[in-house]
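Asker: the amino acid sequence is not available; the structure is as follows:
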């Protein structure tokens, strides 16, 4: 993970042992990022997620998805033979 990615991630996700035992959550909330993934896996939309969690900015959700994509591609590239 690059320094730039780490800095961007810090504004989007918080990992703190005092908040849900270190489960990655959207910064400023106690909502695990896994909750968004679960919504998307079951066919629900970002709008559906934001209707349940209106205090999470759409921009934060999109930033999480973009960073997740970049990190996944980076990891897959490192794993290639």
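Answerer: Right, received. Where do you want to start? Because the structure is predicted, anything quoted here is derived from the model rather than measured. Numbering: from 1, shown residues only.
Asker: quick one: find the helix or strand in the chain with the lowest mean pLDDT.
Answerer: None of the helices or strands of the chain scores lower by mean pLDDT, DSSP states H and E than helix 3-10, at a mean of 71.
Asker: which neighbouring elements make contact with the helix or strand just after that one?
Answerer: Going down the chain from helix 3-10, the next helix or strand is strand 13-14, by DSSP states H and E. On a contact count with 3 or more C-beta pairs under 8 Å, 6 or more residues apart in numbering; DSSP states H and E, strand 13-14 meets strand 25-26. For the C-beta atoms, the positions are set from N, CA and C on the backbone; glycine is no exception.
Asker: which neighbouring elements make contact with the strand it packs on?
Answerer: strand 13-14, helix 33-41, helix 58-79.
Asker: out of these, flag the one nearest residue 23.
Answerer: Among these, the nearest to residue 23 by C-beta to C-beta is helix 33-41 (7.3 Å).
Asker: return the set of buried residues in the closest one.
Answerer: By neighbour count on 16 or more other C-beta atoms under 10 Å, the buried set for helix 33-41 is 33, 35, 36, 39.
Asker: chain center to the very next helix or strand once past it, what's the gap?
Answerer: Once the chain leaves helix 33-41, the next helix or strand it forms, by DSSP H and E, is helix 46-52. In terms of C-alpha atoms, centre = their mean, to the nearest Å, the centre of helix 46-52 is found 14 Å from the chain centre.
Asker: which residues touch helix 46-52?
Answerer: With C-beta atoms under 8 Å, 6 or more residues apart in numbering as the test, helix 46-52 has contacts from 35, 36, 39, 40, 56, 58, 61, 62.
Asker: what angle sits between the least confident helix or strand of the chain and helix 58-79?
Answerer: When axes from the mean of the first three to the mean of the last three C-alpha atoms, to 10 degrees is applied, the directions of helix 3-10 and helix 58-79 differ by 140 degrees.
Asker: end-to-end on stretch 4-15?
Answerer: 17 Å (C-alpha to C-alpha, to the nearest Å).
Asker: and it, how far from the chain's centre?
Answerer: How far stretch 4-15 lies from its chain's middle: 9 Å, per C-alpha atoms, centre = their mean.
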